[in-house]
Every structure is written in structure tokens, then in C-alpha cells.
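In: structure for this input, please:
(4 chains)
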There are 2 protein chains.
Amino acid sequence: MTTNRRSGPHRPATIPDVAREAGVSRSTASRALADYGSVSPEARERVRAAARKLGYRPNQLARSMITGRTHTLGAVVADIQNPFFAGVTRGITDAARAAGYQILLANTDEDPAAERAAVKTLRDRHVDGLIVSPASTTDTAHLTAAHTGGCPVVLLDRRVPHLDLDSVTVDNHGAAQDAVRRLLAVGHRRIALVSLVGNDATDDPVDPGSTGLARMAGYRAALREAGIDDAAAYLRTGAFHGQDPALLARDLLDSPEPPTAVFATDSLVALGVLSAARELNLRVPEDLSVITFDDTDWARAVRPRISVVAQPVQELGAQAVHALIARVQGGAHPPEHTTLPTEFIERESVAPARKRP
Amino acid sequence: MTTNRRSGPHRPATIPDVAREAGVSRSTASRALADYGSVSPEARERVRAAARKLGYRPNQLARSMITGRTHTLGAVVADIQNPFFAGVTRGITDAARAAGYQILLANTDEDPAAERAAVKTLRDRHVDGLIVSPASTTDTAHLTAAHTGGCPVVLLDRRVPHLDLDSVTVDNHGAAQDAVRRLLAVGHRRIALVSLVGNDATDDPVDPGSTGLARMAGYRAALREAGIDDAAAYLRTGAFHGQDPALLARDLLDSPEPPTAVFATDSLVALGVLSAARELNLRVPEDLSVITFDDTDWARAVRPRISVVAQPVQELGAQAVHALIARVQGGAHPPEHTTLPTEFIERESVAPARKRP
DNA sequence: GCCCGATGTGGGAACGTTCCCAACCTGCTC
DNA sequence: GAGCAGGTTGGGAACGTTCCCACATCGGGC
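Out: I've put the predicted structure just below:
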């Protein structure tokens, strides 16, 4: 087995090979295959036949060296194992493939240092653009550097203030407000919001990130509308990273004046709430109404089925891809901020509030 | 005034630039940076200083053209949204990054045609190797073609008979046998296995694939050991694709002589079983014991918490990466078949069998 | 008859790197 | 003092493609 691929029996055919076979020059063969410039019909046909015969596959590396385009996008997400990002990643790969792009995947685990490293490596690989769900709202110099350095960046799920990059997010404020309004509409007054900390692991342990902030703001807005001013009374965010949401929820539900309804900002938190409720022998929805963000598999299989704010996860990824490709191919238009609507899916986890015994 | 015609404001520095700055030739600069051949200490230091000053980043594309290595691996998985593959993908990216490789991700949705297309595209991108969870046990010509064509392939999670490729799988037979033994040990005799169809969307709608087959075999083996010969009585596999596991389970649990225990081959099936049980007012574990494959987030949050056969999902991905890199860098050793152990996690969803009223 | 544009064609350069090889110094031995 | 080994250096080629440009041919309009 020779390691030299020049003399190998199955050396992949190149343009010179095809040109020789077709009896034309490299230039003509290249034009015929890439379908540009002007080539006579006969020459084009001969080249195509030769390429077919030799099983010619263009070398994308060489092509990329000339054109400066790799048709590859980098996706830098926080955690693929999180169902939300799994769905987003699915949307990204599907949309990219449909548009003729491939995806280089990187996981940051919410670590800004890992994110910087990933962005660096992906840029070294000459990706045409980057989709990033930024781990930090402050440590973003590498993102602007990439963007101004010719590698467009689209922000996914999370917005960074004062950063002039395209972004694709969900209407977190509106979705939270709507969900809390529904709880208010059936008579709840003591409504809790339970959340883990946000998307920032290092800078500030309690920084809720743009997503968490927007959801809290929507929650507060709905309460204010209803004349409830003390919005902080039932607001619980994980004080430190890795905190067990079940403990957080237990603490809340076991208080002297417990909430009659809980709004969970993600599915993991919701599991904690349900777990705590069972432990305290609280029935859902009779004793406790529950709404959560994210329509996971178990939310529609558990009894009672959980009412949720469904995010268009795949669409989120797809829109990010489209925005990025537009930026890659096209021009310098002002940054666009796309906000996708959420959908409230009503199930059986919400009941009218009732007097406590 | 630069001599280069493309004097953009931020043209990335190249080796000639560094060499000029350091007052040496391209060759010396290249040797100093790549740390091979022989370079005088002074020259090496001058080159390094120049590279630092100019912010030199080697062009991986050009490097790959020469070396024939891209330090990129292709991962072709069935469905990233499936928690199992999400975990596997996580393991793959982590292990790859640690070894200095990047991951090009492709989703097949269990479609052999999509898998063929993905393999073709990734090979065109000159990945150094491929990790594939094959959608079909018969349509595998593209995999052997890739392997013999110099692009090593490692099979993930699923084995293909008579295919001499490295594989990394889980001990499905042993895991299933162990789980069923545990049910037998506490007195159950009417034990059901509920499964969706396997990993093949086109060839044969009821082909359970290697994974499913092994699990069924383990189930049968355990029953035989216990002297139960009619192993088919409580074996339920989804007859066609997309079948609702809850319906399948309902059908089973509502029969005249229903099982007292159910073994679900994946977490989605388990949700269906739990859903059906609630619908029929069967309590878990008093009326029905449940064990499932895959330790998902909800399995440890739901009440009762579900006993599971946990697969080492991340380890599975990591091992595949290591096997592939060994194949890429090293030599032609005979194909290795790695089988990883599973772990039974005992929770509260299994109770001793009792007489039916 | 001559210019001109349109059309087809081929040669050369370029992209940025690695690798091979010849040439050059040293300093040492015989 | 010639030869030789070992370290150091630079020039050239190569990887496979695209792109620029020069050239050749041909018909038509003046």
C-alpha cells in the first residue's frame, strides 16, 4: 500500500486529467464544469463526458483557496444536550444543507473562554460566517473582531446590547407577559417565576442574560397591569450555578404564603417544580397551576399534560442561517433584529385559583 | 507602500510577510513556525517575534492542500434532537476538540439517501474520517467505498454484520437481559418489551436494526432462563414508522391478560407507557413496574422516579472519536469492535409482582 | 478591405502553505 | 590543505483550483 497518492491506483481525477481526456485546456475544462465564461457546446459536452468517465470530484479545498469561500458556517452553541439547543442545532443543519452549506459545530458550555477559543479555531478554518449564542453579555470583543474582520456573526437566542450584529431571538418579553396574563385571567394573584441563572458563567453568577431579563420583565409587566406592585415577592432565580431547581421550588412552595401558580422559565426548572409539588403532596393543577417555557417531549406525555410556551426552536436556527447567508453573500445593510413569535399551548396544568383552606 | 497589489487595510499576514519582517526566507520562516527541520536559535526567535507582531495565523486551507489532512471529522447521526444522539454528539465534539479536531455535523433523519448524500458532501470537504450511525443495515456501499477510498469510517451505536469497520456500541444484549432479570427476580412473569421500529426507514419498515435486535435477544434470553418459552407473547414493536408509543402501550396494557412489568427500549417509548398507564389508572410501580433505556432528565425528576438502563452516551461518542483518530493517524490494524457497558440505575418504578384481583 | 465586437480558447499567474534539494557555511579529521 | 559531516539557508516545485488576459477566428457593417 503506497502512501504516495500520485502513483496510487485510485488517485482522484483533477481538472488537468479531465482536460486531457476531453482534449481541451484546463481553462476550458474549468469553465465547462463551473458553467461560466463562454464554452462551445461541443467542448462543454466533451468535458462533461470526460468528467463523468473519470469520476471527477472538484477539490473544495483548492476552490476555497481561490474563491475565499468555504461554504461552511460555524455554530457556537452553549450546550447541545439542552433540548432547546438540540432543536436549534437541528434547524441550523437542515437550513444550511438546503442552502448548500455545511456546519462546523462547537460547544461552549456557557464558558466565555471556550467561546473565544471556538471562534478563533473556526475562523482559522475559514468559515464563511458564525452563528453564536453568546455566553457573556460583556465579553464580546472576539465577536465584533470577527465581524469587522470579514467573518459575519449572527447572534442566536440572546441579544447583546450595543452590539451591532444581526440577531435572531424570540419574543421573550411578550411570551412571558402572555403566560402570566393567562394565570391572572383565571384568578391567580400569587404567581411565582422560577428561573435558573442566566447565560453567563463567569462574569456575574447572577447575571440572567438577555433572555432571562426579558422574561422577568414580561412577568413584571403582567403583574403591574393587574395592579400587583410587589413583583419581587415570588421571583426566584437560582442564586448560584448548578443549583438544584427542585430545592429552589421546594423552598418556594413550602413558604407560609405559597404561590398558587408557577411560571418556569425552562423545562429543567419545570421538572424541579413538579418534583417539589409531588413531594409536598400538592396536586397539579388543583393546588398549583404550572406553565413552563419549552415544549419538550415529556410535557405532552406526563399527566397532567403541561401547558407551555413553545419556542420555534428549529425556525430559530433556520432564520439565523438565512440571516447569516444573506450577510455572507450580500452586502452591508444595517443589522437586523429578528424576533420570532412563541406559541402558547394550552393543556391541563392550569386551573382557576381557589381559596386556600 | 506595499508591493502587493491587494493592499487591504486588514489583509491577514502570510508566511512571506513574516519572513520579510524577520529578514529570512519563506522556507526558514515556515520551519521556525512549524518547528521542524533545523533553524538557528536567533532566526527562530526573529521569526516568532515577527509572527507575533504581524498577528500571523496560518491558513489551514493551504496547509491542508499540502498535507492532505484537514483535522476535521464528519459526524453523521440519525437525529440530534433525540437525547441519545444529543449526548453522543456532545461527547464527539468534546473529544474531538481535545484532540485538535473539528466536527462537521450532518443529520440523516434515519434516511439512507440523506446519509449517502451527507457522506458524499463530507468526503468532498476532505474530512479526515467519518463517524456514522448507519441508517440502514444493508445500504452500506457508500461506507465501504469511503473506507477503502482513504476516508476511515467508524460505526457508532449500530453494528453492521459482515462490514469490516471499527464500531463502538453498547452491550445491548447484556443490558436488556440484566434489566429483565431484575424484573424476574422480584416475581414478574408477564413482562412486556415495547419498542419502536428500528433504524431503517426505507428498506424494511419493521427492521429493528442491530440495536433493537440485540435488545430483543437479551429480553428473550432472560425469559428463557426463567423457563418462559413464549417470549413473543408480550413483545410489541411499532408496526409502522411514526406510530404513537402511547397507543401501542395502551393496546398492550388494556389486553385481557396484561403484563405486570414493561421494559421500554427508549425514553420516548417509556413516556408512552407512562401516559397509557395513567390513562388506565394503573399506578406505577404498584400495578405496573417500568424500566426503560436511557437516563433522561425527566426520568429522575418524575414521581415515581424511573429505574433506567443508562447508556454512557458521551463516552460512546468519545470512544468513536478516539478509534477514528487512531485509524486516521495510524495504520491498518484489523477492525476493532468496542462494546461499552451500561449501568442500571435503580429508582422507584419497580415493585414486586403481586396477584391481580 | 479594414476595423470591431462577440465568441471561443489556452497560457500563465495566483491562493498560502509544505516539502525537496542544492548550496552554503562552519569546524573537524586525516 | 583537501575532504567530509552536520547544521543552516533559500530557491523552486507542488497541491488543484479560479481568474485575468492575450490571442485567434469569424462575421458583419462601413
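
In: what residues does stretch A:220-236 touch?
Out: Stretch A:220-236 is contacted by residues A:173, A:176-178, A:180-181, A:184, A:189-195, A:216, A:219, A:248-249, A:251-252, A:259 when judged by C-beta atoms under 8 Å, 6 or more residues apart in numbering or on different chains. For every residue, glycine as well, the C-beta is placed using N, CA and C.

In: same deal with stretch A:49-59?
Out: Outside stretch A:49-59, the residues touching it (C-beta under 8 Å, 6+ apart) are A:12-15, A:17-19, A:21-22, A:29, A:33, B:65, B:123-124, B:126.

In: most neighbours, which of those?
Out: A:Ala29 (29 neighbours; other C-beta atoms under 10 Å in any protein chain shown).

In: which members of the contacts of stretch A:49-59 additionally contact DNA strand C?
Out: Residues of the contacts of stretch A:49-59 in contact with DNA strand C (C-beta under 7 Å from any atom of the strand): B:Met65.

In: which ones among the contacts of stretch A:49-59 are found in helices?
Out: Using DSSP state H, the subset of the contacts of stretch A:49-59 located in helices is A:Ile15, A:Asp17, A:Val18, A:Ala19, A:Glu21, A:Ala22, A:Ala29, A:Leu33, B:Met65, B:Arg123, B:Asp124.

In: the fifth one and chain B, how far apart?
Out: In other words, A:Glu21. 21 Å (C-beta to the nearest C-beta, to the nearest Å).

In: just to revisit the earlier point, quick one: which of the contacts of stretch A:49-59 is nearest DNA strand C?
Out: Nearest to DNA strand C, judged by C-beta to the nearest atom of the strand, of the contacts of stretch A:49-59 is B:Met65 at 4.3 Å.

In: which one among the contacts of stretch A:49-59 gets closest to A:Arg69?
Out: Among those, B:Asp124 lies closest to A:Arg69 (C-beta to C-beta), at 14.3 Å.

In: tell me, how many neighbours does the nearest residue to the closest one once chain neighbours are set aside end up with?
Out: Nearest non-adjacent residue to B:Asp124, counting by C-beta to C-beta, 6 or more residues apart in numbering or on different chains: A:Gln60, 5.4 Å away. A:Gln60 has 20 neighbouring residues, counting by other C-beta under 10 Å.

In: where does A:Gln60 land on pLDDT?
Out: What the model reports as pLDDT for A:Gln60 is 96.

In: quick one: residues contacting it.
Out: Per C-beta under 8 Å, 6+ apart, neighbours of A:Gln60: A:Thr70, A:His71, B:Asp124, B:Arg125, B:His126.

In: about what we covered before: check the ones in helices among the contacts of stretch A:49-59 against DNA strand D, which are close?
Out: Applying C-beta under 7 Å from any atom of the strand to these, those adjacent to DNA strand D are A:Ile15, A:Leu33, B:Met65.

In: report the angle between the helix or strand A:Arg52 falls within and helix A:15-22.
Out: For A:Arg52, the element it lies in under DSSP states H and E is helix A:41-54. Taking axes from the mean of the first three to the mean of the last three C-alpha atoms, to 10 degrees, one finds that helix A:41-54 is oriented at 110 degrees with respect to helix A:15-22.

In: list the buried ones in helix A:41-54?
Out: A:Ala43, A:Arg44, A:Arg46, A:Val47, A:Arg48, A:Ala50, A:Ala51, A:Leu54 (16 or more other C-beta atoms under 10 Å in any protein chain shown).

In: ok, stretch A:253-264 next?
Out: So stretch A:253-264, judged by 16+ other C-beta under 10 Å, has buried residues A:Leu253, A:Pro258, A:Pro259, A:Thr260, A:Ala261, A:Val262, A:Phe263, A:Ala264.

In: which one of the ones in helices among the contacts of stretch A:49-59 is nearest B:Ala323?
Out: Looking across the ones in helices among the contacts of stretch A:49-59 and measuring by C-beta to C-beta, the closest to B:Ala323 is B:Arg123, at 18.8 Å.

In: need the contact list for the closest residue in space to that closest one that isn't next to it in sequence.
Out: Using C-beta to C-beta, 6+ apart and skipping residues adjacent in sequence, the residue nearest B:Arg123 is B:Cys151, 5.5 Å away. Each residue near B:Cys151 by C-beta under 8 Å, 6+ apart is listed here: B:Arg123, B:Val127, B:Asp128, B:Gly129, B:Leu130.

In: restricted to buried residues, select these in ChimeraX.
Out: Selection of buried members from the contacts of B:Cys151 for ChimeraX, criterion 16+ other C-beta under 10 Å:
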select /B:123,127,128,129,130
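
In: and which of the contacts of B:Cys151 is nearest A:Ala323?
Out: B:Val127 (26.9 Å).

In: isn't the closest one right next to B:Arg69, touching?
Out: No: using C-beta atoms under 8 Å, B:Val127 makes no contact with B:Arg69, being 10.1 Å away.

In: chain A: strands as residue ranges?
Out: A:72-77, A:102-107, A:129-132, A:153-156, A:166-170, A:191-195, A:235-237, A:261-264, A:289-293, A:307-310, A:337-340, A:343-345 (DSSP state E).

In: of all those, which one is nearest B:Glu336?
Out: Across these, closest to B:Glu336 is strand A:102-107 (C-beta to C-beta), at 25.8 Å.

In: need the pLDDT of the residue of the stretch 151-300 of chain A found nearest chain B.
Out: Proximity of the stretch 151-300 of chain A to chain B (C-beta to the nearest C-beta) peaks at A:Leu271, 3.6 Å away. Note for A:Leu271: predicted pLDDT of 91.

In: what bridges to A:Ile131?
Out: A:Ile131 has the following beta-bridge partners by DSSP bridges: A:Ala75, A:Val154.

In: residues contacting it?
Out: Counting by C-beta under 8 Å, 6+ apart, the residues that A:Ile131 touches are A:Leu73, A:Gly74, A:Ala75, A:Val76, A:Ile92, A:Val153, A:Val154, A:Leu156, A:Gly317, A:Ala320, A:Val321, A:Leu324.

In: now render these as JSON lines, adding neighbour count, distance to DNA strand C and pLDDT.
Out: As requested, the contacts of A:Ile131 are exported to JSON lines (neighbours: other C-beta atoms under 10 Å in any protein chain shown; distance: C-beta to the nearest atom of the strand, whole Å; pLDDT from 0 to 100):
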{"residue": "A:Leu73", "neighbour count": "27", "distance to DNA strand C": "21", "pLDDT": "98"}
{"residue": "A:Gly74", "neighbour count": "26", "distance to DNA strand C": "19", "pLDDT": "98"}
{"residue": "A:Ala75", "neighbour count": "29", "distance to DNA strand C": "25", "pLDDT": "98"}
{"residue": "A:Val76", "neighbour count": "25", "distance to DNA strand C": "24", "pLDDT": "98"}
{"residue": "A:Ile92", "neighbour count": "30", "distance to DNA strand C": "28", "pLDDT": "98"}
{"residue": "A:Val153", "neighbour count": "28", "distance to DNA strand C": "21", "pLDDT": "97"}
{"residue": "A:Val154", "neighbour count": "27", "distance to DNA strand C": "25", "pLDDT": "97"}
{"residue": "A:Leu156", "neighbour count": "29", "distance to DNA strand C": "30", "pLDDT": "97"}
{"residue": "A:Gly317", "neighbour count": "28", "distance to DNA strand C": "32", "pLDDT": "98"}
{"residue": "A:Ala320", "neighbour count": "30", "distance to DNA strand C": "28", "pLDDT": "98"}
{"residue": "A:Val321", "neighbour count": "28", "distance to DNA strand C": "27", "pLDDT": "98"}
{"residue": "A:Leu324", "neighbour count": "29", "distance to DNA strand C": "23", "pLDDT": "97"}
